[in-house]
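1. Structure for this input, please:
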Amino acid sequence: MKNIFLFLCVLLLNISCSEKRKAVIGETEFQQKLNAEYKDASTSPLKAKDLKTFEGLDFFPVDNTYRVNATFTTTPNSPVFKMPTTKERTPEYKLFGIATFTLKGKEFSLEVYQNQELMNQEEYRNYLFLPFTDETNGFASYGGGRYIDLEIPTGNTIEIDFNKSYNPYCAYNDKYSCPIPPRVNFLKTEINAGIKAFEKH
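-> The predicted model follows:
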């Protein structure tokens with residue numbers, strides 16, 4: 001009798017754990033966090049009709065090839081400029097530094113920016129913004145490019161994980177104003193990592 005009771009307890013525990021695992025959508029913590037944000041009506045950029053059927057965002061398989069350590073050269077004398085967006089808004093940014101890295105045998109450089117308004121807020125004081133485009137745009141990924149959030153490094157290297165690239169809110173809802181990645185940040189290669197294009201209903 002004890003054995004049957006123990007078996008039932010283990011079975012119920014496994015079922016419970018299985019249900020909890022199903023509730024968490026995403027291969028990584030980054031994906032899970034993003035999916036949770038988009039599923040929550042109070043934080044989601046999705047239109048109401050898309051939110052109704054939303055189950056999870058579509059990502060490329062996680063590939064550590066796309067996690068690179070870049071040489072980071074700061075540009076302290078760069079002027080503040082107004083970054084174009086998809087609407088009339090032009091937020092002020094400053095070129096904070098240039099990240100140079102090797103990906104699949106080829107060398108690339110990307111400009112990394114600092115939002116001048118956000119830097120005055122304690123929680124975003126170390127925040128850096130990396131918008132980029134690549135050869136998957138308009139096909140496997142959103143045509144307007146993608147973003148990566150970074151932090152000011154302590155040394156002269158910075159890790160860029162393209163698996164953590166995400167879409168501008170404009171990819172989901174045209175009511176938003178989104179920074180347009182500068183042409184200099186076009187990567188002449190396919191970045192098959194991070195988030196894919198969103199299929200609207």
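2. partners of the strand of greatest length in the chain in the sheet?
-> Ranked by residue count under DSSP state E, the longest strand found in the chain is strand 92-103. Partners of strand 92-103 in the sheet, by DSSP bridges, are strand 67-74 (antiparallel), strand 80-82 (antiparallel), strand 106-115 (antiparallel).
3. so which of these is the most packed in?
-> When you average the neighbours per residue for each of the strands paired with strand 92-103 (mean count of other Cβ atoms under 10 Å), strand 106-115 leads with a mean of 18. (Glycine included, C-beta is placed from N, CA and C.)
4. Do a quick rundown of the helices in this structure.
-> Along the chain, the segments classed as helices by DSSP state H run 2-23, 29-39, 48-52.
5. what sits up against the shortest one?
-> Contacts with helix 48-52, where a contact means Cβ atoms under 8 Å, 6 or more residues apart in numbering, come from 39, 41, 44, 172, 200-201.
6. what does stretch 180-187 give?
-> For stretch 180-187, the surrounding residues in contact (Cβ under 8 Å, 6+ apart) are 83-86, 108, 110-111, 130-135, 144-147.
7. Ends of it, what's the gap?
-> In terms of Cα to Cα, to the nearest Å, the two terminal residues of stretch 180-187 are separated by 15 Å.
8. pLDDT of that stretch, averaged?
-> Stretch 180-187 shows a mean pLDDT of 98.
9. Surely residue 119 and residue 113 touch.
-> No - the criterion here is Cβ atoms under 8 Å, and residue 119 misses it with residue 113 at 10.7 Å.
10. Residue 190: neighbour count?
-> Neighbourhood size, residue 190 [other Cβ atoms under 10 Å]: 14.
11. cool, residue 132 as well?
-> By the criterion of other Cβ under 10 Å, residue 132 has 23 neighbours.
12. Kindly state the beta-bridge partners for it.
-> Using DSSP bridges, the bridge partners assigned to residue 132 are residue 146.
13. Next up, the contacts around it.
-> With Cβ under 8 Å, 6+ apart, residue 132 has these contacts: 110, 145-148, 165, 181, 185-187, 191.
14. do you know how far it is from residue 108?
-> Shown here: residue 132 relative to residue 108, a distance of 10 Å by Cβ to Cβ, to the nearest Å.
15. The nearest residue to residue 200 once chain neighbours are set aside: neighbouring residues, count only.
-> Nearest residue to residue 200, sequence neighbours excluded (Cβ to Cβ, 6 or more residues apart in numbering): residue 50, at 6.1 Å. Applying other Cβ under 10 Å, we find 17 residues neighbouring residue 50.
16. Could I have the buried ones of the contacts of stretch 180-187 as PyMOL selection syntax?
-> Filtering the contacts of stretch 180-187 down to the buried ones (16 or more other Cβ atoms under 10 Å) takes a single PyMOL command:
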select buried, resi 83+85+108+110+111+130+131+132+133+134+144+145+146+147
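17. returning to what we had before: of the contacts of helix 48-52, which is the most crowded?
-> Busiest of the contacts of helix 48-52 [other Cβ under 10 Å] is residue 172, holding 21 neighbours.
18. wait, that one sits on residue 198?
-> Yes - using Cβ under 8 Å, residue 172 makes contact with residue 198 at a distance of 5.7 Å.
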